[in-house]
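J.: please work out how this folds:
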Amino acid sequence: MTYLPKIVHLISDLSVGGVTNNLKLFDEDILQSKFASTIVPITTQWTIAPQYDADIIITHFSPSWANLPFLFSLRKRNIGAKIIHVEHSYSPEWEKYSVPEPHRFRAMLKFSYALFDRVVCVSKTQSKWIETIKAAHPSKLQVINPWSNIEPLLSIAAPKLEDDRPLVIGSFGRLVKEKGFEDLIHSFLKIADGDDMTLLIGGYGPAEAHLKKIAADDPRIKFYGMVHNPAEFMMHCDIFAVPSYFETFGLVATEAKAAARPVLVSPVGALVEQIGNSGLVIDFTKHSQAGRSLASLKSWPLQMMSDEGRQSCISMTARKAAQWEQFLNAQIMDDFIASKAA
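T.: Residues are numbered from 1 along each chain as shown. From the prediction side, this is the model:
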């Protein structure tokens, strides 16, 4: 019987949809046939890590001062395992928006990352930032973009963007300030009434009442409610907007591309990085300028953007699985070479 290297994924909150959905990639045949993966929910704050029967341990929770003892004990109690961290949480824009004392935060990152053999970054932008702030040596960093199941999105009909009809700009997410919906609405309100465009906002959250007040009963702005099925929501849209202040990666932009919707993104590193020729970068915080950009959408090659976006997502699952297989095999091989040298 062929031995399968054992991988333990440590996650502190199973309710974090993006992370748990990302881990479903390890159910794909190419990875399931090569590695025995297990997801283990854990409590990390001020606790001591257990010993795991694992060749590779991958952490998927955010480093913090409170879980440094857990990470230190994880390293000490699992000497024979490679320990890898996937940085799902932090980005340069997140730091700028959320951290009042960058020096203290960066010191925490440096102490934490020192306890890992490798750190997987979810974007090139994030990797460059970690390198720039000297939280980890470049040789320790590996970039692998996150994954979600986009197959349902690839199968929906592409919008007919050359039709002479009103365009529907859609956007969804948790209705909180940092997602930028307020700026998106203010920018949309700069569009003249006669420009035949509507805005559809999906999701729920504490800012919902405030956003509806800003929309001021403008009949062109509609609220969809909670989005249970992204593909179903995308079918109501011609174009998709991601006006966030920060995104570690921004999988929703990838999902919009898979749905063949041109994507409008804020100038946030990981979003800009993945947009390519499938959309436009718009600073939604500059309402008048962004409003002019939205009003001019019909003058852009929207059909080409739609085609480019979908084409870039075809075979994404196979590509991501192959990246992880190659990366994990390299970690196993490093250990094998080290044991022979010893």
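J.: would you confirm that G173 contacts G250?
T.: No. Using Cβ atoms under 8 Å, G173 is not in contact with G250, being 9.9 Å away. The C-beta positions use only the backbone N, C-alpha and C, and glycine is treated the same way.
J.: quick one: which of those two has more around it?
T.: Between G173 and G250, counted using other Cβ atoms under 10 Å, the more crowded position is G250 (28 against 21).
J.: wasn't H186 part of a helix?
T.: Yes. Assessed by DSSP: H, G, I helix; E, B strand; the rest coil, H186 belongs to a helix.
J.: that one: how many residues sit nearby?
T.: 18.
J.: now it, nearest residue through space, not along the chain?
T.: Closest residue to H186 apart from its sequence neighbours, by Cβ to Cβ, 6 or more residues apart in numbering: H287 at 4.4 Å.
J.: ok, E93 next?
T.: Closest to E93 by Cβ to Cβ, 6+ apart is F246, at 3.5 Å.
J.: give me the phi and psi for the one you found.
T.: phi -150, psi 150 (degrees, to the nearest 10).
J.: list residues touching both of G173 and G250?
T.: Here G173 and G250 share the contacting residues S244, scored by Cβ atoms under 8 Å, 6 or more residues apart in numbering.
J.: picking up where we left off before, could I get the pLDDT score of the residue nearest to H186?
T.: pLDDT for H287: 97.
J.: all the helices of the stretch 101-250 of the chain, in order from the start?
T.: Shown for the stretch 101-250 of the chain, the helices assigned by DSSP state H, counting those that start in this stretch span residues 102-113, 124-132, 151-154, 181-188, 208-215, 230-234.
J.: which stretch among those helices comes nearest F72?
T.: Nearest to F72, of all the helices of the stretch 101-250 of the chain, is helix 102-113, at 8.8 Å by Cβ to Cβ.
J.: mind checking how far the closest one is from the chain centre?
T.: Centroid separation for helix 102-113 versus its chain: 22 Å, with Cα atoms, centre = their mean, to the nearest Å.
J.: C-alpha coordinates for that helix, PDB please?
T.: Output of helix 102-113 as PDB, limited to C-alpha atoms (Å, rounded to 0.1, in the frame of the first residue of the first chain):
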ATOM      1  CA  PRO A 102       2.500  49.400  12.500                       C
ATOM      2  CA  HIS A 103       5.900  48.800  14.300                       C
ATOM      3  CA  ARG A 104       4.200  46.600  16.900                       C
ATOM      4  CA  PHE A 105       2.100  44.800  14.400                       C
ATOM      5  CA  ARG A 106       5.100  44.100  12.100                       C
ATOM      6  CA  ALA A 107       7.100  42.800  15.100                       C
ATOM      7  CA  MET A 108       4.400  40.300  15.800                       C
ATOM      8  CA  LEU A 109       4.400  39.200  12.200                       C
ATOM      9  CA  LYS A 110       8.100  38.800  12.200                       C
ATOM     10  CA  PHE A 111       8.100  36.700  15.400                       C
ATOM     11  CA  SER A 112       5.200  34.600  14.100                       C
ATOM     12  CA  TYR A 113       6.600  33.900  10.600                       C
END
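J.: okay, buried residues for it please.
T.: 105-106, 108-109, 112-113 (16 or more other Cβ atoms under 10 Å).
J.: got it, and stretch 215-225?
T.: Quick answer for stretch 215-225 (16+ other Cβ under 10 Å): 215, 220-222, 224.
J.: dump the residues you listed into JSON lines; add pLDDT and distance to Q51 as well.
T.: Converted to JSON lines, the buried residues of stretch 215-225 look like this (pLDDT from 0 to 100; distance: Cβ to Cβ, whole Å):
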{"residue": "A215", "pLDDT": "95", "distance to Q51": "55"}
{"residue": "R220", "pLDDT": "94", "distance to Q51": "59"}
{"residue": "I221", "pLDDT": "96", "distance to Q51": "55"}
{"residue": "K222", "pLDDT": "96", "distance to Q51": "54"}
{"residue": "Y224", "pLDDT": "96", "distance to Q51": "48"}
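J.: and these, which two are furthest apart?
T.: R220 and Y224 (14.0 Å).
J.: who are the contact partners of S266?
T.: 180, 242-245, 281-285.
J.: buried ones only from those, please, as a PyMOL command.
T.: Per 16+ other Cβ under 10 Å, the buried members of the contacts of S266 correspond to this PyMOL selection:
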select buried, resi 180+242+243+244+245+282+284+285
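J.: which other helices and strands contact the helix or strand where G309 lies?
T.: Using DSSP states H and E, G309 maps to helix 302-313. Counting contacts by 3 or more Cβ pairs under 8 Å, 6 or more residues apart in numbering; DSSP states H and E, helix 302-313 packs against helix 151-154, helix 251-258, strand 279-281.
J.: partners of the shortest one, with directions?
T.: What it means is strand 279-281. Using DSSP bridges, strand 279-281 pairs in its sheet with strand 263-265 (parallel).
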